[in-house]
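A.B. asks: build me a model from this:
(one chain, ligands or ions: 4)
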Amino acid sequence: MDKDQVAAALEEIGTLLELKGENPFKTRAYHNAARTLEGLSEPLGTLVREERLGELKGIGEALREKITILVGTGRLPYLEELRASVPPGLLDLLQLQGLGPKKAKRLHEELGVDSIDALEGACKAGRVAALDGFGDKSQSRLLEAIAFRRQFASRHRLLSALVAAEPILEALRQHPDVVRCSTAGSLRRWKEVIGDIDFVVSSRQPSSVLDFFVGLPGVRSVLGRGETKASVILDGEGIQADLRVVDDSEFASALAYFTGSKEHNIAMRQRAIARGLRLNEYGLFRATEETRDPALRVDCATEEELYATLGMDFVPPELREDHGEFAAAEKHALPRLLEWTDLRGSLHNHSTWSDGRNPIADIAAHAMELGLDYWAITDHSRASFQANGLDEGRLRSQLAEIADLNKRIEDEGSDFRLLTGIEVDILKDGLDFDDEVLARLDVVVASLHVPSGDEAENTRRLVAAAENPRVHMLGHPTGRLLLERDAYKVNQHAVIDACAATGTWIELNANPYRFDLDWRQWQYARSRGVKCAVNCDAHRLEHFDFLRLGAGVARKGWLTKADVVNTLPLAKLRAALAAKGRRR
Ligand code: DGT
Ligand code: CA
Ligand code: CA
Ligand code: ZN
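C.D. replies: Ligands and ions are numbered 1, 2, ... in the order given. Below is the predicted model of the structure:
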């Protein structure tokens, strides 16, 4: 087990103990230990082997023993017994927004609630409102949370789907009976939220491939298996995955069909009909009615050929949403989309100075190892006190630390540089720091963390931030958390217009919970000449991987390398950063 798996196990122990009503110091010790492990900069296995776990803050004898067993064996009988002692439905309750272990425990003990369904029944019967410390308001809030959860239970953030799909695709690719294979559907289109995962495979032996697929280690259960297709539920979040097996001559059309979107497919079929052809999942045919007669087939070995036959350039999967790709592809005017390897660093990131998990030196080392050119440290400002935001004094000390580090990096002969910065809170009437303070920083990201309920008010605050010559970009401009929290009310076009007028950049926050600004807004932003910064908003080293996710979302928003500022080499980026302050 690696550190994240061990941390997850400790987290689960803490939660289970809370559900059982254990003393808070004990439960907190498990949660804190999980945090500590996640923030480790060296492999957990090494610490265990060298018996140095005791050096870690808050890891006492009992924890040391459990961690050692988990790392060594991948299992922990203590955790298994604990799991068995708690009704499984009780854990589900914790997935409801606003319901913590303490309240779940009381609902269980006092009302016998042991599942989400049982809780719904109790709420509807008014029994929850009657409980001490709950009341009408929390009862109706629980019902809302249940409805919300039902709506989203079968939807998954892109990263979860990718993590589940990639090993399966790799396994299929290695299988001797597989000729070609690909993901399809919303995953291939890089949608921010995924219903199910789709795979398309070509093979002469469909049944052997299907046997292999339904028997893969990550498969929890088989929903259905036919001659040419199968559907399964995967371990983890329980994401559904569909596999289609076709003959290799049908691969291009099947892949196009199952990639979608539905809207894109409908337009494709119309284009075929307009040319006296028929397009379906089996191929492109010279026919005026539905057919799959091989004698009528127009050979298209690849999607490129399929699009060419229909008079278009190849449309990258991310653009297949009927958002103007047809008009552009027939005029050879599709943009050349950003590649994730074009990105040279991220301009919004956190460290242990605020709520990040890693010290700046480790962040720099990791960025250099990945071959990046720069990395901005933009910790929270003082108003974000719950995130340990920096006041002026601490900010000054941080700048000194970064200057020292950069000096050391330069002395070692590297061109990599840390950039200084802040993620400054947009408050009711202005920013959390004065212009003089902001002027000392390389990068200023302005974010609205505590929005008002009023659209005009939020819009006004964001526009004012954009108009500040010291602000380089707006961070996560709608504040949404996918499948958790809607965007705050804001007039997005008005904010984009203000950014266009002031030369302010807009962040595409690449955290898979955010992907904010949404891909649907970028065509408008781009048309107004607004530049994008694809930022990790990294809080730990693993978040460096978000660059790839964010680049995919930028592609989905039709963005090119020239539209994205953090593709610039360092000197040009510095010049672009300096330009904002000189505008007025
Ligand atoms: P999802 O799974 O809800 O995130 O979205 P998709 O796009 O992956 O949808 P899915 O898995 O139901 O189907 C995969 C693709 O198959 C879809 O993007 C387009 C194609 N498809 C499925 N049903 C239809 C249909 O009724 N008409 C057309 N034209 N295409 C369809
Ligand atoms: Ca799908
Ligand atoms: Ca599907
Ligand atoms: Zn933020």
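
A.B. asks: pLDDT value on the closest residue to residue 579 other than its chain neighbours, please?
C.D. replies: In space, residue 579 comes closest to residue 503 once its chain neighbours are excluded; the distance is 7.0 Å by C-beta to C-beta, 6 or more residues apart in numbering. (Each C-beta comes from the backbone N, C-alpha and C, glycine too.) pLDDT recorded at residue 503 is 97.

A.B. asks: tell me how many other residues surround residue 503.
C.D. replies: As a burial measure, residue 503 scores 18 neighbours (other C-beta atoms under 10 Å).

A.B. asks: and this structure, which residues reach ligand 1?
C.D. replies: 185-186, 191, 194-196, 198, 257-258, 260-262, 265-266 (C-beta under 6 Å from any ligand atom).

A.B. asks: so the residue nearest to residue 579 makes contact with residue 580?
C.D. replies: Yes. Contact criterion C-beta atoms under 8 Å: residue 503 and residue 580 qualify, at 5.6 Å.

A.B. asks: from the residues of the chain next to ligand 1, which land in strands?
C.D. replies: Residues of the residues of the chain next to ligand 1 located in strands (DSSP state E): 194, 198.

A.B. asks: residue 556 contacts residue 320, correct?
C.D. replies: No. Contact status for residue 556 versus residue 320: not in contact, 9.7 Å apart, counting by C-beta under 8 Å.

A.B. asks: who touches both of the two?
C.D. replies: residue 189 (C-beta atoms under 8 Å, 6 or more residues apart in numbering).

A.B. asks: which secondary element of this protein has the worst mean pLDDT?
C.D. replies: helix 88-93 (a mean of 82; mean pLDDT, DSSP states H and E).

A.B. asks: buried sites along that helix?
C.D. replies: 90-93 (16 or more other C-beta atoms under 10 Å).

A.B. asks: just curious, which of those is nearest to ligand 1?
C.D. replies: residue 92 (23.1 Å; C-beta to the nearest ligand atom).

A.B. asks: so what's the closest one closest to, chain neighbours aside?
C.D. replies: residue 116 (5.3 Å).

A.B. asks: list the residues that contact the one you found.
C.D. replies: 89, 92-93, 96, 146, 149.

A.B. asks: and the closest residue to residue 379 other than its chain neighbours, how many neighbours?
C.D. replies: Leaving aside its sequence neighbours, residue 379 sits nearest to residue 354 (C-beta to C-beta, 6+ apart; 3.7 Å). For residue 354, the neighbour count with other C-beta under 10 Å is 22.

A.B. asks: thought residue 354 was touching residue 386?
C.D. replies: No. Residue 354 lies out of contact with residue 386 (C-beta under 8 Å); the separation is 10.1 Å.

A.B. asks: which residues of the stretch 151-300 of the chain fall in strands?
C.D. replies: Using DSSP state E, counting those that start in this stretch, the strands of the stretch 151-300 of the chain run over 156-157, 180-184, 193-194, 197-202, 219-225, 229-234, 240-246, 278-280, 283-285, 297-298.

A.B. asks: returning to what we had before: let me have the buried residues of helix 88-93 in JSON lines, extended by distance to residue 486.
C.D. replies: Formatted as JSON lines, those follow (distance: C-beta to C-beta, whole Å):
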{"residue": "90", "distance to residue 486": "28"}
{"residue": "91", "distance to residue 486": "26"}
{"residue": "92", "distance to residue 486": "23"}
{"residue": "93", "distance to residue 486": "23"}
